[in-house]
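**Student:** Below is the sequence, then the predicted model.
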Amino acid sequence: MNAIINQFDNTFIYGHKDKNEKELDMRKNRKNNSHTYRKRICIMAVLLAGSLMLGGCGVKKENAADNELPEIVIGMDYFEPYSYQVSNGEYKGIDVELAKEAFQRLGYQPKFENIVWEDKDELLAEGTIDCLWSCYSMNGREDKYQWAGPYMISRQVVAVNPNSDIYKLSDLEGKKLAVQSTTKPEEIFLRRTDERIPKLGNLISLENRELIYTFLGKGYVDAVGAHEESIIQYMKDYNMELRILDEPLMTVGLGVAFAKDDTRGICQKLEQTLADMKEDGTAAKIIGKYLDDPEKYLEVDKIGEE
C-alpha cells in the first residue's frame, strides 16, 4: 500500500500501493529521537548519582524501609477511560485502578509510563517496561506475547457524524476512515479478512488518537474506528455528538501483555489475581466508576462476536 505523508504530523493515508521509504524514515527518526532522549536521561541519572555519592561521604545513608515493595513498570497510552493523567499528574482510569489493586495483592508497586505506542514491542523486549496494560486487544495477538487475561471485553466499532448516510459497514465502501495507528481497527481494515469489511477509499492512521475525532469533525474523513468506550468518553469530554453503527467490527478481549521470553512468572500470577478480583466483585466495582453496567464488560465468553 502507498502511504502519503500530508500536512499533519504522524499521519499516514493508505491508498493502493506499498508504503514508501519516506514513511519508514519518518518512523525510524521518531524512534531514534526517543532512544536519544532515554539515553540522555540515563546519563543524567548516572551523573546525579555520582554527585550524591561524593557529597555524602562520611554521612550515614538512610536505607528505604525493608518492606518497600519492588517496582513494576507498566507501559501505557493515554486512552480514556482506561488510562490517562489528570492535571496534577496522577494516573487514573479503569486499567490504572485494576493494575494498582492487582499488583498490590501480588506485592508490587506499579509505576506507569506513558510510551510511544508504536515503540511498545521494542521497549518490552529491552526491559524498559515490564508489561503493556492500556486497553490492549488480545485478538490476533495471542501468540505474540504472554498474556494475563482476558480480564474484560470491549467492542471495536465505527462512528460517524449524526447526519451521515453511513448506517452499516457496507456503506463504508469507497469512504475515508480514520483510526489510531497500530490498533485493532487499523488491522481490521488493512487485512480485510472479515468479508463484512468493505474496501475503503482511504484509511488514515494517526498516532494521536484524539486527532481521529478532529478529522471527522473537520470533514477530512467520513468515519472513525475505535473502542466503543473511548468514543463514548470523547463525546462526554468534548460535548461532541456522534452516531455509533449498530454493527460492530468485533468484540475483543483485553489483556496485559508480557514479553514472550519473560520467565519471572508474574504474568501467570497476575492472571489468577485478575480472576480473583472478578470473583470477589472488585473488578466490577472499579469498572463501574467509569462505565455503566460494568458486569457486561466482564462477559469474556462473548469475545470474537461480530
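**Tutor:** Happy to help now that I have it. Numbering: from 1, shown residues only.
**Student:** Any stretches of the stretch 151-300 of the chain with poor pLDDT?
**Tutor:** Applying pLDDT under 70 to the stretch 151-300 of the chain flags no residue at all.
**Student:** Okay, helices next: where are they in it?
**Tutor:** 184-191, 211-218, 228-238, 266-279, 282-287 (DSSP state H, counting those that start in this stretch).
**Student:** which non-adjacent residue is nearest M277?
**Tutor:** With sequence-adjacent residues excluded and distances taken as Cβ to Cβ, 6 or more residues apart in numbering, M277 is closest to A283, at 4.5 Å. In short, each C-beta sits where N, CA and C put it, glycine included.
**Student:** Contacts only, for V158.
**Tutor:** Residues near V158 by Cβ atoms under 8 Å, 6 or more residues apart in numbering: 166, 169, 172, 177, 185, 223-225, 244-245, 249.
**Student:** Looking at those residues, state which has the most neighbours.
**Tutor:** The most crowded member of the contacts of V158, judged by other Cβ atoms under 10 Å, is V224 (28 neighbours).
**Student:** now it, which residues is it bridged with?
**Tutor:** Note on V224: beta-bridge partners by DSSP bridges are A159, A178.
**Student:** All further residue positions should be reported with the first residue as 638.
**Tutor:** Noted, 638 is the first residue going forward, which turns the last one into V861.
**Student:** distance of it from D913?
**Tutor:** 36 Å (Cβ to Cβ, to the nearest Å).
**Student:** List the neighbours of the host helix or strand of K757 that are in contact with it.
**Tutor:** Using DSSP states H and E, the element containing K757 is helix 757-762. With contacts defined as Cβ under 8 Å, 6+ apart, helix 757-762 is touched by 668, 712, 752, 766, 768-769, 782, 819, 894-896.
**Student:** Ok, which of the helices of the stretch 788-937 of the chain comes nearest A736?
**Tutor:** With Cβ to Cβ as the measure, helix 903-916 is the member of the helices of the stretch 788-937 of the chain nearest A736 (9.1 Å).
**Student:** Disregarding residues adjacent in the polypeptide, which is nearest to the residue nearest the centre of the chain?
**Tutor:** In the chain, the residue lying closest to the centroid (Cα atoms, centre = their mean) is S771, at 4.2 Å. Leaving aside its chain neighbours, S771 sits nearest to M713 (3.9 Å; criterion: Cβ to Cβ, 6+ apart).
**Student:** Before I go, just wanted to say thanks for your time.
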